[in-house]
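**Q** Next input, structure requested:
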Amino acid sequence: MPPRDRVLSVPGLQNYRDLGGYVTRDGKRVVKYKHIYRADNVGAATAEGRRMLSEKVRLQFIIDFRGPEEKTRAPSACVDGATTIAIPIDACSMRDEVLKRPTLDGPAAEALLRRLAATFLIDFKDAYRRFFHALLTEVQGRPAVFHCTAGKDRTGVAAALLLFVLDVPSSTIVEDFLLTNECCPAPPSEALHVGTCTITQDAVNLLFRAQEFFLDLCLSGARERYGSLAAYMEKELGIGAKETERLRGLYTRPTTSGA
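**A** Numbering: from 1, shown residues only. You can find the predicted model right below:
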């Protein structure tokens with residue numbers, strides 16, 4: 001499936017994507033279509049969009065990575081037939097760091113992102129463990145979407161971890177992470193003001209777009225600490241050989257079979 005074709009046009013959403021169609025490293029298996037999706041805030045879907053998710057996508061589970069404050073500002077989705085699983089990955093720490101500054105420029109924004117990414121998989125290992133546990137014990141291959149607010153970093157890292165377990169090539173994982181930049185509108189072309197902090201245009205461009213270095217630092221930080229990403233997955237997320245085989249059975253199929 002060409003990159004843009006995996007983007008579903010759901011009214012109210014900008015970054016709703018099917019993870020199906022990605023081929024594994026050995027070329028023998030492919031991620032199943034219409035089973036697992038990633039998105040921006042599903043709560044932003046219009047009534048037509050929610051109806052589409054219920055009747056056309058037949059969505060059964062919504063995994064929401066947003067924190068309590070985000071949900072207060074933008075309530076969770078109510079899609080007929082879908083159960084919501086709340087697994088908060090609270091982004092408030094970065095917001096608080098921004099608000100401490102009178103100005104956030106490009107270099108400072110990059111340094112902030114790099115610091116966050118370096119320990120991201122350690123800081124939020126419990127949430128990602130719950131994510132995989134939900135896939136294995138509740139979702140079990142039925143149509144599901146996982147999302148945060150923009151569907152960029154928290155959701156992007158979750159997608160990267162899942163695709164890694166499904167044995168999708170690293171280059172494809174990076175492409176999927178960066179596809180957000182084609183789905184979402186361009187960031188504002190001027191400085192923003194958050195509280196008393198002025199965020200320069202260079203910083204806005206960094207913060208509002210998916211950055212390859214962010215994903216790279218997330219994954220390399222885990223590799224450096226645990227020896228390999230697979231070792232991190234097993235020790236911290238509970239995804240060993242048995243769980244990996246189960247997930248591949250749920251979410252991939254032989255390339256020679258039907259969709």
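
**Q** quick one, strands of the stretch 101-250 of the chain?
**A** Here the stretch 101-250 of the chain has its strands, by DSSP state E, counting those that start in this stretch, at 103-104, 144-147, 192-194, 197-199.

**Q** who does the strand or helix carrying Ile62 pair up with?
**A** Ile62 belongs to strand 61-64 when assigned by DSSP states H and E. According to DSSP bridges, strand 61-64 forms sheet pairs with strand 83-86 (parallel), strand 144-147 (parallel).

**Q** Please work out which of the strands of the stretch 101-250 of the chain is packed deepest.
**A** strand 144-147 (a mean of 26; mean count of other Cβ atoms under 10 Å). C-betas here are computed from N, CA, C, even on glycine.

**Q** Quick one, which of the strands paired with strand 61-64 gets closest to Phe61.
**A** For the strands paired with strand 61-64, distance to Phe61 was read as Cβ to Cβ. The smallest value, 3.8 Å, belongs to strand 144-147.

**Q** Need the CA coordinates for that closest one. PDB is fine.
**A** The C-alpha trace of strand 144-147 is given here as PDB (Å, rounded to 0.1, in the frame of the first residue of the first chain):
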ATOM      1  CA  ALA A 144      -8.500  -1.300  17.200                       C
ATOM      2  CA  VAL A 145      -6.900   2.100  17.000                       C
ATOM      3  CA  PHE A 146      -4.300   3.700  19.400                       C
ATOM      4  CA  HIS A 147      -3.900   7.400  19.600                       C
END
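
**Q** Ile239 is nearest to which of the strands of the stretch 101-250 of the chain?
**A** Using Cβ to Cβ, the strands of the stretch 101-250 of the chain put strand 144-147 closest to Ile239, at 15.6 Å.

**Q** can you give me the mean pLDDT across that closest one?
**A** In this model, strand 144-147 has a mean pLDDT of 99.
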